[in-house]
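K.L.:
model the following, please.
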Amino acid sequence: MPYYHLSGDRGRSPLQSLKSKRGAEYMARDNKGQGNEFAKALAMLSQIGVTIIACVAVGIFLGWFLDRLLGTAPWMILLFTLLGIAAAFKSIFDFAKKM
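P.N.:
Below is the predicted model of the structure:
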């Protein structure tokens with residue numbers, strides 16, 4: 001005798017229906033795990049990008065400010081830009097060590 005359920009599982013026993021629902025739950029859990037890994041990787045990548053931009057921007061700003069304050073036209077901005085780039089590379093290596 002076939003089983004009829006309201007969910008549309010016609011001709012399937014309740015045990016078969018339960019197994020298929022459990023399989024769908026396991027697949028959803030696996031997909032959530034992959035989504036979390038993707039989100040973590042995206043967060044790490046964006047954090048690296050923001051850190052690089054921030055290091056260089058702070059170096060440029062400090063160099064520009066000191067150039068205006070001390071009257072040493074391009075020298076402080078060049079020096080602090082290079083220091084900002086060096087700080088950005090150091091941050092990249094620190095992120096690589098964490099992974």
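K.L.:
for A73, phi and psi?
P.N.:
phi -30, psi -80 (degrees, to the nearest 10).
K.L.:
from what I see, it and W64 are in contact.
P.N.:
No: when contacts are counted by C-beta atoms under 8 Å, A73 is not listed as touching W64 (10.6 Å). Backbone N, C-alpha and C define where each C-beta goes, glycine included.
K.L.:
settle it for me: which of those two has more neighbours?
P.N.:
W64 (14 against 10; other C-beta atoms under 10 Å).
K.L.:
residue contacts, that one?
P.N.:
By C-beta atoms under 8 Å, 6 or more residues apart in numbering, W64 lies in contact with M76, I77.
K.L.:
what of P74?
P.N.:
D67.
K.L.:
quick one: it and F65, what's the gap?
P.N.:
Plainly put, P74 is 14 Å away from F65 if you go by C-beta to C-beta, to the nearest Å.
K.L.:
same deal with K90?
P.N.:
Look at K90 and F65: by C-beta to C-beta, they are 22 Å apart.
K.L.:
with E37 instead?
P.N.:
Taking C-beta to C-beta, one finds E37 at 42 Å from F65.
K.L.:
tell me which of these two has more neighbours.
P.N.:
A direct count of neighbours by other C-beta under 10 Å for E37 and F65 places F65 higher, at 13 against 10.
K.L.:
got the contact list for the helix or strand that contains F89?
P.N.:
Assessed by DSSP states H and E, F89 sits inside helix 75-98. Helix 75-98 is contacted by residues 44, 47-48, 51-52, 55-60, 62-64, 66-67, 70 when judged by C-beta under 8 Å, 6+ apart.
K.L.:
just checking, which of those belong to strands?
P.N.:
Within these, no residue falls in strands by DSSP state E.
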